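Undergrad: Next comes the sequence, and after it the predicted model I'd like to discuss.
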Amino acid sequence: MKRFLAVFVVVLLSSCGIGFSFTGASIPVDAKSISVQYFQNHSALANSTTSQVFTDALRDYVTSQSHLPLVQNGDLDFSGAISGYTIQPVAAAAGTVAQSSLTRLTISVDVTFSDKNDPKKNFNASFARFADFPSGQNITSVQNDLITQINKQLVQDIFDKAFNNW
């Protein structure tokens, strides 16, 4: 009986128009490939590697979470730009008004997603995430770690919007 039920579930899922993934993503079954275009830097403050690091993070994530090969012009396509990169104080230190104890790095990304087989799933959206660090630290000493942390959150948000009906 268990074997029959397992076969039934597999047949049922394979006959649906939505792909199944153990990550919970709903990758369309008619999609044969995926592409992530290079995200240009449109922010004045971002360092020279921010665009490449973000693009690579998104490429790595979508290929690790789907069965689709990464190609130049895929059925599913992500494109966009780094639209914001700000550094600002966020919390006052205890007992002082003029000094901040935390500084926040915020990265914003504008994303265009297109599904060549189902244009109803296309979207243009902006995503922003941040990470805080002690104000006594120089941004150059923590920047790479913060960018990595923020990118993980951004790519998860973008993937969820595209494939998890978020």
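TA: Looks like it arrived, so ask away.
Undergrad: From now on I want contacts and neighbour counts done on CA atoms only, so please keep to that.
TA: Fine.
Undergrad: Tell me where the protein has helices.
TA: 2-15, 50-65, 139-163 (DSSP state H).
Undergrad: so which of those helices gets nearest I27?
TA: Shortest distance between I27 and these, using CA to CA, is found for helix 139-163: 6.0 Å.
Undergrad: between the closest one and helix 50-65, how many degrees?
TA: 40 degrees (axes from the mean of the first three to the mean of the last three CA atoms, to 10 degrees).
Undergrad: circling back to that earlier point, export the helices of the chain to JSON lines and tack on mean neighbour count, distance to Q40 and mean pLDDT?
TA: Formatted as JSON lines, the helices of the chain follow (neighbours: other CA atoms under 10 Å; distance: least, CA to CA, whole Å; pLDDT from 0 to 100):
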{"stretch": "helix 2-15", "mean neighbour count": "11", "distance to Q40": "38", "mean pLDDT": "43"}
{"stretch": "helix 50-65", "mean neighbour count": "18", "distance to Q40": "6", "mean pLDDT": "96"}
{"stretch": "helix 139-163", "mean neighbour count": "17", "distance to Q40": "15", "mean pLDDT": "96"}
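Undergrad: closest to I34 out of those helices?
TA: Nearest to I34, of the helices of the chain and by CA to CA, is helix 50-65 at 8.1 Å.
Undergrad: Please compute how far that closest one lies from its chain's middle.
TA: 8 Å (CA atoms, centre = their mean, to the nearest Å).
Undergrad: Columns distance to G74 on top of the helices of the chain, output as TSV?
TA: Compiled in TSV, these are given as follows (distance: least, CA to CA, whole Å):
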stretch	distance to G74
helix 2-15	22
helix 50-65	12
helix 139-163	14
